[in-house]
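Engineer: I would like the atomic coordinates for the input below:
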Amino acid sequence: MPSIATETTARPEAADSNGITIRNPRTGDVLWTVPEAEPEAVSQAVEVARSAAADWASTAPAERGAALRAAAKALAAAVPELAELNASETGRPVEESLAGIGAGVSTLEQYAELGPVHRGHSLRGNRLASDYTVAEPRGVAVLLTPWNDPVAVACGLIGAALATGNTVVHKPSERCPRLGEALGDVLAPAFPPGVFQTISGGAGVGALLAQSGVDVIAHVGSSAAGARIARAGALTGAHVIRENGGNDPLLVDRDVDPLWAAEQAAIGAFSNSGQICVAVERIYVHEDIAAEFCAALETEAAMRNGNGTVAPLVDRRMRDEVHAQVRDALNQGAHAVEGGALPDGPGSFYPATVLLECTDRMQVMTEETFGPVAPVQVVKSFDDGLRLACSGRYGLAATVLSNNIAHIQRAVAALPVGTVKINEVFGGAPGGAAQPRGESGAGFGYGPELLDEFSRVKVVHIAAPPAAAHDPAADAESAAEQQDEL
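Structural biologist: Numbering: from 1, shown residues only. Sure thing, here's the model as predicted:
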């Protein structure tokens with residue numbers, strides 16, 4: 001996922017001596033300028049979180065859960081306001097913003113329930129001894145969160161960190177700073193002072209936080225930023241949790257309905273204008289159904305472009321990066337059957353784009369694009385497609401469309417990713433935590449397992465003391481006490 005927290009500046013005008021300037025992605029007009037936190041404010045926030053950590057860690061888990069439920073209730077009351085801010089700063093349609101913030105409410109409620117039942121394990125040892133593990137908070141957590149689903153992602157990390165007894169310093173993306181500050185204003189009153197704080201800023205602020213000697217850093221953003229954060233954590237000793245970029249493949253087998261497969265591909269590639277961590281980024285389709293599939297995918301893209309349902313990209317810098325990858329593909333022989341050109345007019349719109357005749361030498365097939373682009377490569381066999389789908393340095397997710405159980409099982413075993421989706425590009429049961437691989441990150445990012453990421457385990461061994469040595473005086477005293485009782 002392209003950056004946010006510790007990337008270079010979001011746009012040339014995004015950060016200057018006056019703060020972070022945000023433009024409306026639909027019109028290009030300046031919305032507002034948000035001040036960046038000074039280094040002294042960053043240090044103070046960490047110190048305040050550190051001073052509040054002991055009391056919050058000793059707070060009963062049920063009380064922490066009650067505070068999270070109060071935060072969820074406050075967030076639910078603020079949904080309309082935050083959805084408007086989300087739409088203004090990132091260009092995400094209001095209805096999608098409403099859904100994302102609703103997911104944030106549900107996530108806080110989920111961790112309010114999971115936190116109090118997060119438990120250790122009993123260990124088998126001597127039957128006259130007790131052996132068990134205790135989960136303890138790590139301490140101060142820095143959370144660096146993205147702009148593409150800013151409330152839902154932030155609430156997942158916030159909920160898990162606070163439920164396990166950590167104090168939190170949250171830096172939202174510099175691409176939606178007003179939304180991040182508003183989220184902080186909504187949630188912070190539910191907790192004791194210093195337990196949850198919000199800091200605004202760009203690359204410099206993110207770097208200061210990552211190097212501040214906190215106990216855990218959780219980052220959702222680009223692989224380049226994640227690598228820098230991992231290096232900072234190695235130097236400071238912080239535990240680092242990362243969900244980073246992806247170049248997720250979609251593998252389409254010969255035995256599926258090509259029209260349905262094209263619909264799945266369009267949902268995966270064009271939803272939220274392709275600005276989703278687990279978006280479909282490259283497509284491998286069997287040659288037996290390639291013609292029908294490609295024609296249907298072209299129709300899907302044209303329909304979205306014709307009815308105006310493709311929202312703008314977050315800003316012009318993002319659009320320039322997407323178009324640069326498309327140009328690279330076109331220069332190497334790809335053919336744009338729909339989209340592929342910069343539109344006239346204001347804002348940072350980019351059309352749903354279908355690229356045919358792609359090869360594995362093109363950036364759209366090897367890099368994260370993070371835009372509404374569906375690059376297609378035709379393959380001669382399922383095995384050829386699987387080999388290509390397994391290539392690359394990322395390892396976030398992959399999707400396979402097939403009716404062949406043998407092919408499905410081979411793909412599940414072979415794909416070097418954290419999440420494999422069969423016959424559905426999006427979806428899954430609640431709590432389906434995954435571990436990204438390669439340059440896509442490390443550690444569990446969601447679900448009950450995220451509580452473990454924010455916790456340390458202590459092993460306790462309690463043995464019975466040895467029997468007291470024979471003491472005649474004590475025996476006489478005991479005998480006298482027994483006589484008195486008679």
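Engineer: OK, contacts around the residue nearest to Asp328 when sequence neighbours are not counted?
Structural biologist: Leaving aside its chain neighbours, Asp328 sits nearest to Gln363 (4.8 Å; criterion: CB to CB, 6 or more residues apart in numbering). For every residue, glycine as well, the C-beta is placed using N, CA and C. Going by CB atoms under 8 Å, 6 or more residues apart in numbering, Gln363 touches 324-325, 328-329, 369.
Engineer: ditto for Cys358
Structural biologist: Applying CB under 8 Å, 6+ apart, the residues near Cys358 are 282, 329, 334, 364-365, 375-377.
Engineer: Could you list the low-confidence segments of the stretch 201-350 of the chain?
Structural biologist: Scanning the stretch 201-350 of the chain for pLDDT under 70 picks out nothing.
Engineer: Would you state the helices of it in chain order?
Structural biologist: 203-210, 223-236, 258-270, 290-307, 316-331 (DSSP state H, counting those that start in this stretch).
Engineer: could you dump those helices to JSON lines with distance to Ser43 and mean neighbour count?
Structural biologist: JSON lines is the format used below for the helices of the stretch 201-350 of the chain (distance: least, CB to CB, whole Å; neighbours: other CB atoms under 10 Å):
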{"stretch": "helix 203-210", "distance to Ser43": "8", "mean neighbour count": "23"}
{"stretch": "helix 223-236", "distance to Ser43": "14", "mean neighbour count": "19"}
{"stretch": "helix 258-270", "distance to Ser43": "43", "mean neighbour count": "22"}
{"stretch": "helix 290-307", "distance to Ser43": "47", "mean neighbour count": "18"}
{"stretch": "helix 316-331", "distance to Ser43": "30", "mean neighbour count": "18"}
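Engineer: can you list those in JSON lines and add distance to Ile422?
Structural biologist: Supplementary listing: the helices of the stretch 201-350 of the chain in JSON lines, determined by distance: least, CB to CB, whole Å:
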{"stretch": "helix 203-210", "distance to Ile422": "37"}
{"stretch": "helix 223-236", "distance to Ile422": "26"}
{"stretch": "helix 258-270", "distance to Ile422": "11"}
{"stretch": "helix 290-307", "distance to Ile422": "18"}
{"stretch": "helix 316-331", "distance to Ile422": "28"}
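Engineer: Which among the ones you listed is found nearest to Glu95?
Structural biologist: helix 290-307 (14.7 Å; CB to CB).
Engineer: Could you single out the nearest of the contacts of Gln363 to Val169?
Structural biologist: Using CB to CB, those come closest to Val169 at Thr369, 31.6 Å.
Engineer: From Thr33, how far out is the closest residue to Thr27 other than its chain neighbours?
Structural biologist: The shortest distance from Thr27 to any non-neighbouring residue, by CB to CB, 6+ apart, is to Pro346 (5.1 Å). Distance from Pro346 to Thr33, counting by CB to CB, to the nearest Å: 19 Å.
Engineer: Which of the two has more residues huddled nearby?
Structural biologist: Set Pro346 next to Thr33 and count neighbours by other CB atoms under 10 Å: Thr33 wins out with 17 against 14.
Engineer: List the neighbouring strands of the strand or helix carrying the more buried one plus their orientation.
Structural biologist: Assigned by DSSP states H and E, Thr33 falls within strand 30-34. Strand 30-34 has the following strand partners under DSSP bridges: strand 19-23 (antiparallel).
Engineer: tell me the angle of the partner strand relative to helix 203-210?
Structural biologist: Here strand 19-23 points in a direction 120 degrees away from that of helix 203-210 (axes from the mean of the first three to the mean of the last three CA atoms, to 10 degrees).
Engineer: Only the buried residues of strand 19-23, if you could.
Structural biologist: For strand 19-23, the neighbour count (16 or more other CB atoms under 10 Å) marks 19-23 as buried.
Engineer: okay if I get those residues as a markdown table plus pLDDT and distance to Val216?
Structural biologist: Listed next are the buried residues of strand 19-23 as a markdown table, based on pLDDT from 0 to 100; distance: CB to CB, whole Å:
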| residue | pLDDT | distance to Val216 |
| --- | --- | --- |
| Gly19 | 91 | 28 |
| Ile20 | 96 | 26 |
| Thr21 | 96 | 31 |
| Ile22 | 97 | 29 |
| Arg23 | 97 | 34 |
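Engineer: closest to Glu449 among the contacts of Cys358?
Structural biologist: The closest of the contacts of Cys358, once distances to Glu449 are taken by CB to CB, is Arg282, at 28.2 Å.
Engineer: Next up, the contacts around that closest one.
Structural biologist: Contacts of Arg282 (CB under 8 Å, 6+ apart): 247-250, 358, 364-365, 375, 377.
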